[in-house]
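1. using only what follows, build the 3D model:
(4 chains, ligands or ions: 6)
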Amino acid sequence: MVNLAVDIKGLHLKNPVMTASGCSGFGTELADFYDPSLLGALLLKGITPRHRDGNPYPRMAETASGMLNAVGLQNKGVDYFIGEIYPRIKDYDTALIVNVNGSTVEEYVEVTEKIAGLDRIAAMELNISCPNVKEGGMAFGVSCPGAAAVTREVRKAYPKTLIVKLSPNVTDITEIARAVEAEGADAVSLVNTFLGMAIDAEHRRPRLSTVTGGLSGPAIKPIALRMVWQVYQAVRIPVIGLGGIMDATDAVEFLLAGASALQVGTALFKDPFAPLKITAGIQNYLEKHHFSSVRELTGKLQM
Amino acid sequence: MVNLAVDIKGLHLKNPVMTASGCSGFGTELADFYDPSLLGALLLKGITPRHRDGNPYPRMAETASGMLNAVGLQNKGVDYFIGEIYPRIKDYDTALIVNVNGSTVEEYVEVTEKIAGLDRIAAMELNISCPNVKEGGMAFGVSCPGAAAVTREVRKAYPKTLIVKLSPNVTDITEIARAVEAEGADAVSLVNTFLGMAIDAEHRRPRLSTVTGGLSGPAIKPIALRMVWQVYQAVRIPVIGLGGIMDATDAVEFLLAGASALQVGTALFKDPFAPLKITAGIQNYLEKHHFSSVRELTGKLQM
Amino acid sequence: MQKVVLDFTVVSNLALNESNHLLRMRAEESLLAVAPGQFVNVEIPGSSEVFLRRPFSVFDADPERGELSLLVKVLGRGSRTLCGVQPGQKVSVVYPLGRGYTLPGSEERVLAVGGGSGVAPLLFLARRAGLPPGRMQVILGARSAGDHIPTEAYSRYATLSCTTEDGSLGTRGMVTDHPLFDRLEEFSRVYTCGPLPMMKAVAARATAAGRFCEVSLENLMACGFGVCLCCIEPTVHGNLCVCTEGPVFNINDLKW
Amino acid sequence: MQKVVLDFTVVSNLALNESNHLLRMRAEESLLAVAPGQFVNVEIPGSSEVFLRRPFSVFDADPERGELSLLVKVLGRGSRTLCGVQPGQKVSVVYPLGRGYTLPGSEERVLAVGGGSGVAPLLFLARRAGLPPGRMQVILGARSAGDHIPTEAYSRYATLSCTTEDGSLGTRGMVTDHPLFDRLEEFSRVYTCGPLPMMKAVAARATAAGRFCEVSLENLMACGFGVCLCCIEPTVHGNLCVCTEGPVFNINDLKW
Ligand SMILES: Cc1cc2nc3c(=O)[nH]c(=O)nc-3n(C[C@H](O)[C@H](O)[C@H](O)COP(=O)(O)OP(=O)(O)OC[C@H]3O[C@@H](n4cnc5c(N)ncnc54)[C@H](O)[C@@H]3O)c2cc1C
Ligand SMILES: Cc1cc2nc3c(=O)[nH]c(=O)nc-3n(C[C@H](O)[C@H](O)[C@H](O)COP(=O)(O)OP(=O)(O)OC[C@H]3O[C@@H](n4cnc5c(N)ncnc54)[C@H](O)[C@@H]3O)c2cc1C
Ligand SMILES: Cc1cc2nc3c(=O)[nH]c(=O)nc-3n(C[C@H](O)[C@H](O)[C@H](O)COP(=O)(O)O)c2cc1C
Ligand SMILES: Cc1cc2nc3c(=O)[nH]c(=O)nc-3n(C[C@H](O)[C@H](O)[C@H](O)COP(=O)(O)O)c2cc1C
Ligand code: FES
Ligand code: FES
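-> Ligands and ions are numbered 1, 2, ... in the order given. As a prediction, the model looks like this:
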């Protein structure tokens, strides 16, 4: 029996396949299909200090092998999460990870302090890479000082596993990764979406209310894979890989490039069972290729 | 009859659809299919001061709605071009544009000076964005000082239309565009390929001899379109748009986003007739929507 | 509500007119319950250009026999490819999705107004409502006679009437030009599904007449089961997901 | 050389064994000349996962009747989809591509050695060479009897023999274990096409025997007509494009 478990600086995962934030709601929606306890971890929808309406409709445009979204962190705020949602999901037998957002460093810290008090939240993912909000979000993620500043303050307020989610919209992602590692991040996850745009030629209008939005899905996989490989070589902390993972082969590619664990986002929209199928496929791969643990695959690319 | 002609600072195009460099050889290969004079312009394969072998095989990997290449500017050098190739193509009745490359500013200038002497070359495209060479190439294109330095020196040596081809692998492409505009570029073309990677999971090996390569095709279109739109707003010089243009609808989208002309690259591999079909499709669009000239479409996105 | 991803086999694909196809498909197993107004999310088989699934209202379902029917209008690439499926082909379907129409009480008189592919959930509603035809009136609107789909089979469940913009079938004009709209007070409920301008016109008349009115929205969707928040509609309760809180909404909840 | 993009209609799709299909297709017009060893670049119809065209050697062509045949081995997604085409389906083909084999003189004795889908251009060569069967010897290698494709029809053009790794058909072993390889001096030319290790083994024996030898390479291709420079092979003349300078090379030009 191969070992699928992964440990990321104190965060224990029964298997390396997590959902990606914003693509799996709060787990209750997936529970209509299967028991979320089967997931390696459940990444919860991005949370902000206060209620956010998100961006106006339309928020979505399909593209070649991908999609753009401009959701803009719609959520009911951290207090609503703690009062109404947390109680309904806290007994899922898998790692629960909160995706934390803010417009200012103070806002990030505000959410962090509240989340730090929740027993069953195993880790936090700091989202400094959302391209769909005017303030904060990606603004922090595209400069080393910005990324360092948020990480530093949040680190002080959070004792458990702190993952920083990186933006791919940068010239050199390894610089940002090193900057957040230096401030005490336990792991980095990458990539968030690429800033993109779609136009309705017939009506000569942008397809998204916000004009630009975040590109996800298989289209971005080659770039995401390259970034995971670069960051894996640049830092010592674990790398969590994502960006267009649709099947087990994609997942293995990210592991080989240096990922210790994976997130599955857009694939869930096509098939809510994708994470479970991917986990099963990784297990097959390990057996077929005579590995005893998924950890042996990380960075095993032969050069 | 609608007017398809476009002028880009002295460069006259009978229609806005050019081929993209590295995707249409020297025109002689397309001539096996049709008369290259039908093209808006012919962008020639990247040229360096001296012969380059390019990168080892394999140089290509298919990806979702796209492909990676790692050709690495294989070419026989500028003198061979002038002596052997130029005479064979100089009578094509379309604008011929040379794509100029170098490892140092001096090398760029060296090629430029030689090209400047060729009557029938209507313009030059300065490639500061090739991700597939170790020295020069993209290194110049991802920093403002780098981009400015090459442009400045080449500008001095080249009196005709100078297009600078921008790299998308940057945090803020508008900065680079402004930097080359300030140094006298007549136009910018964007985008070159995105740095990406592909892995053969079964054999745990990179699919490209160079590990990373340049991503092109429909996968990148949403990002390219966003960048064209951003640069169009940031500079006064004309923008030439490319990246994943497969059909006339894609082409119209780039025009609406702010492009004055277009380049078609990867689409040629699927269909060598793509540029001609796209030109015809643009003409249909203009007629259907009652425009009298393609120039009216540039930047006509309704916000 | 339990949901599943299930492979169906296409049983038949019938072109009803130039742009509408009736797709009948069957699963190996019996189906979960499906109500009128609910929808399914269909993977477009073997298409090079369509990335996401496409949502379609249930036109008919026989859960025990594992049967599901969709009425698909050719709009773009996905629907065109779907309308080209052959009997025997497999189609992956996520279902049941969304909240359907509130079924009328057995003593009520009901008006259902549909246009385009909005016909699908209304005819399913007519069938399931179980009212005598006289108490369920259905008005279907189209541009021209040729755009109407054959609905004779539904005369068992409802009294059907048509409008066409060119007058080639039934009343000339828009659905709201039909004489029944002058007698809205006779109906306790109005249901509508179809193009947005049509639904807005129907809703305006129903509101003016103080009638209960439910509309079915077709917002663009990525997931169809509530995780992406792409399909939202501004409501008096804030931005709600059309795929889970709808697609059927009471117009009192909408900001129309 | 003039090239075109042409739509063909699939006439038949015959499974020759577990993994090889013979696709016959026909165009509305007569074809340009096609020579043995030349190839075509085929768009995989309606596939969601395949972006580029796929190159296949011409297995047979009847230019006047507009007919083209390919022998396709299922390797990955593209070839699998292509092997599923139905008669009547359209397939877009770019052709004629590359340089074929140098045809032998009418007095020569020739040995052609193929494996896997490398059989295709060699049987086309046998047919076009126009030699009496005794002067054209063909050895086809496979793992096992079941992997061989039926070649009886070609006994008119060549003397055919087989090798199998498991000995289930013909000589046991690799193609180079066939007794004809001990009599290479009887042949003026050796042609080969198939898996790289096989071609290298054949080329080594031919070189050792000082025989003219042409191999057909299957480098990965993006364009197939010389514009992308992706398919290069290092040769004594530098990096050459396999799609325009090949796919057939004289081994003296290769750096094997
Ligand atoms: C809950 C629900 C139920 C539906 N029920 C049915 C049904 O029973 N029968 C039926 O034929 N159709 C139904 N639809 C609509 C159907 O989903 C779309 O027609 C289909 O997705 C179009 O896909 P396509 O690939 O053909 O078009 P695309 O190529 O994706 O789109 C073509 C053009 O239409 C626009 N477009 C596509 N879908 C929508 C939309 N939903 N809203 C606004 N603009 C859009 C696109 O932006 C594009 O400009 C329903 C939609 C929803 C959300
Ligand atoms: C000039 C030429 C002539 C050919 N003639 C024939 C023919 O007559 N019959 C036939 O069956 N095949 C022929 N081939 C091979 C055929 O093109 C490939 O088998 C086909 O492209 C595979 O596509 P796929 O989508 O099925 O596989 P993919 O899914 O693209 O690939 C599956 C795996 O095989 C590898 N692979 C695919 N193609 C090649 C290659 N060319 N070299 C090395 N690795 C590869 C991929 O990297 C991948 O790992 C020819 C190729 C060339 C270049
Ligand atoms: C609809 C949608 C909403 C998203 N919301 C969030 C979010 O709230 N927080 C976050 O960190 N990332 C968010 N993302 C980004 C994803 O988590 C992921 O980084 C990205 O989609 C790339 O992975 P994929 O290609 O597997 O989807 C969102 C993505 C999508 C498509
Ligand atoms: C095989 C290949 C070779 C290329 N060679 C060059 C080159 O020599 N010079 C250059 O400026 N761009 C080169 N490019 C980049 C293209 O010109 C173009 O910028 C890019 O492919 C995006 O456009 P597309 O998606 O239409 O292909 C090359 C691209 C490909 C795919
Ligand atoms: S479509 Fe994803 S939440 Fe409604
Ligand atoms: S495949 Fe493009 S040059 Fe040979």
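2. what's the burial count for the residue lying closest to residue A:299 once chain neighbours are set aside?
-> Taking C-beta to C-beta, 6 or more residues apart in numbering or on different chains as the measure, residue A:299 lies nearest to residue A:258, with 4.5 Å between them; neighbours along the chain are not counted. To be clear about C-beta, it is placed using only N, CA and C from the backbone, and glycine gets the same treatment. Around residue A:258 sit 23 other residues, with neighbours defined as other C-beta atoms under 10 Å in any protein chain shown.
3. wait, residue A:258 sits on residue A:239?
-> Yes: between residue A:258 and residue A:239 there is a contact at 5.4 Å, judged by C-beta atoms under 8 Å.
4. overlap in contacts, these two.
-> Both residue A:258 and residue A:239 are contacted by A:228, A:231, A:232, under the criterion C-beta atoms under 8 Å, 6 or more residues apart in numbering or on different chains.
5. specify the local secondary structure of residue C:24.
-> What DSSP: H, G, I helix; E, B strand; the rest coil gives for residue C:24 is strand.
6. so what sits opposite it in the bridge?
-> Here residue C:24 shows beta-bridge partners residue C:12, residue C:69, assigned using DSSP bridges.
7. that one contacts residue C:12, doesn't it?
-> Yes: under the contact definition of C-beta under 8 Å, residue C:24 touches residue C:12, with a separation of 4.7 Å.
8. neighbour count: the two, which is higher?
-> Between residue C:24 and residue C:12, counting by other C-beta under 10 Å, residue C:24 is the more crowded of the two (18 against 14).
9. now do the SS call for residue A:278.
-> Residue A:278, by the three-state scheme (three-state DSSP), is helix.
10. residues in contact with it?
-> Counting by C-beta under 8 Å, 6+ apart, residue A:278 has contacts A:17, A:245, A:247, A:248, A:250, A:251, A:262, A:264, A:267.
11. what does residue A:166 give?
-> Contacts of residue A:166 (C-beta under 8 Å, 6+ apart): A:128-129, A:141, A:147, A:173, A:176-177, A:180, A:188-192, A:227, A:231.
12. ok, and the closest non-adjacent residue to it?
-> Once its chain neighbours are removed from consideration, residue A:166 has its nearest residue in residue A:190; the separation is 4.2 Å (C-beta to C-beta, 6+ apart).
13. and residue C:234, what does it touch?
-> A:56, A:57, C:254, C:255.
14. the last one is in contact with residue C:237, isn't it?
-> No: counting by C-beta under 8 Å, residue C:255 sits too far from residue C:237 to count as a contact (10.3 Å).
15. quick check, the helix or strand containing residue A:96 touching chain C?
-> Counting by DSSP states H and E, the element that carries residue A:96 is strand A:95-100. No: with C-beta under 8 Å from any C-beta of the partner chain as the measure, strand A:95-100 is seen stopping short of chain C, the closest distance being 13.1 Å.
16. close to ligand 3, is that strand?
-> Yes: applying C-beta under 6 Å from any ligand atom, one finds that strand A:95-100 is in contact with ligand 3 at residue A:99.
17. who does that strand touch, helix- and strand-wise?
-> In terms of contacts (3 or more C-beta pairs under 8 Å, 6 or more residues apart in numbering or on different chains; DSSP states H and E), strand A:95-100 is packed against strand A:11-13, strand A:41-43, helix A:105-116, strand A:121-127.
18. give me whichever of those is most buried.
-> Of all those, strand A:41-43 carries the top mean neighbour count, a mean of 28, counting by mean count of other C-beta atoms under 10 Å in any protein chain shown.
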